[in-house]
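A.B. asks: Could you look at this predicted model? Sequence included:
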Amino acid sequence: RQARYNSSTNTMSTELPGYATTYTIKKAGDGKTVNKGAMVTVHATGIVKETGKKFWSTKDAGQEPFKYQAGVGGVITGWDQGCLGMQLGEERELIIPAHEGYGAAGFPAWGIPPGGTLNFTIEVLKIE
């Protein structure tokens, strides 16, 4: 993993080997780690980077934390790979390019334009 410093935001973003998705740890966690095959429950908020518009958040009224199996392709590639290695309680910001998100078609029903870059904030609540 390679880290890059962004002087405008005073943060370090880390590149995932073999992927274009990058992440920044917003809040450190501890204890258990998200490994391939684990069942993970998270809070997640997704924003389209180009427009700044939120398209989904588990923290919104009527929403619940999201549960998925890590590292097995059940969610978009950038999320799947970007969450591996997170610790319980960790909050991470993922920047996911279109080809590791919803691709050239986007996801118009959610307001994600064709080729849209995604900015997800993920917080690990439970690891099984």
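C.D. replies: Thanks, I have it.
A.B. asks: Name the nearest residue to residue 112, sequence neighbours excluded.
C.D. replies: In this structure, residue 112 finds its nearest non-sequential neighbour in residue 106, 4.5 Å apart by C-beta to C-beta, 6 or more residues apart in numbering. The way it works is simple: take the backbone N, C-alpha and C, and place the C-beta from them, glycine included.
A.B. asks: That neighbour - how many residues pack around it?
C.D. replies: With neighbours defined by other C-beta atoms under 10 Å, the count for residue 106 comes to 17.
A.B. asks: tell me the contacts of it?
C.D. replies: The neighbourhood of residue 106, defined by C-beta atoms under 8 Å, 6 or more residues apart in numbering, consists of 98, 112-116.
A.B. asks: Need the residues you listed in a markdown table (columns: distance to residue 50, secondary structure and neighbour count).
C.D. replies: Listed next are those as a markdown table, based on distance: C-beta to C-beta, whole Å; DSSP: H, G, I helix; E, B strand; the rest coil; neighbours: other C-beta atoms under 10 Å:
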| residue | distance to residue 50 | secondary structure | neighbour count |
| --- | --- | --- | --- |
| 98 | 10 | helix | 21 |
| 112 | 10 | strand | 24 |
| 113 | 7 | coil | 16 |
| 114 | 11 | coil | 12 |
| 115 | 9 | coil | 15 |
| 116 | 6 | coil | 25 |
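A.B. asks: Leaving out the residues flanking it, which one is nearest to residue 67?
C.D. replies: residue 41 (4.7 Å).
A.B. asks: Am I right that the one you found is in contact with residue 126?
C.D. replies: Yes. In this structure residue 41 lies within contact range of residue 126 using C-beta atoms under 8 Å: 3.9 Å.
A.B. asks: picking that back up, so what touches the helix or strand containing the residue nearest to residue 67?
C.D. replies: With the criterion set as DSSP states H and E, the secondary-structure element containing residue 41 is strand 39-48. Residues external to strand 39-48 that are found in contact with it (C-beta under 8 Å, 6+ apart): 34, 53-59, 65-70, 83, 111-113, 116-128.
A.B. asks: continuing past that strand, what's the next helix or strand?
C.D. replies: Per DSSP H and E, strand 39-48 leads on to strand 54-57 as the next helix or strand towards the C-terminus.
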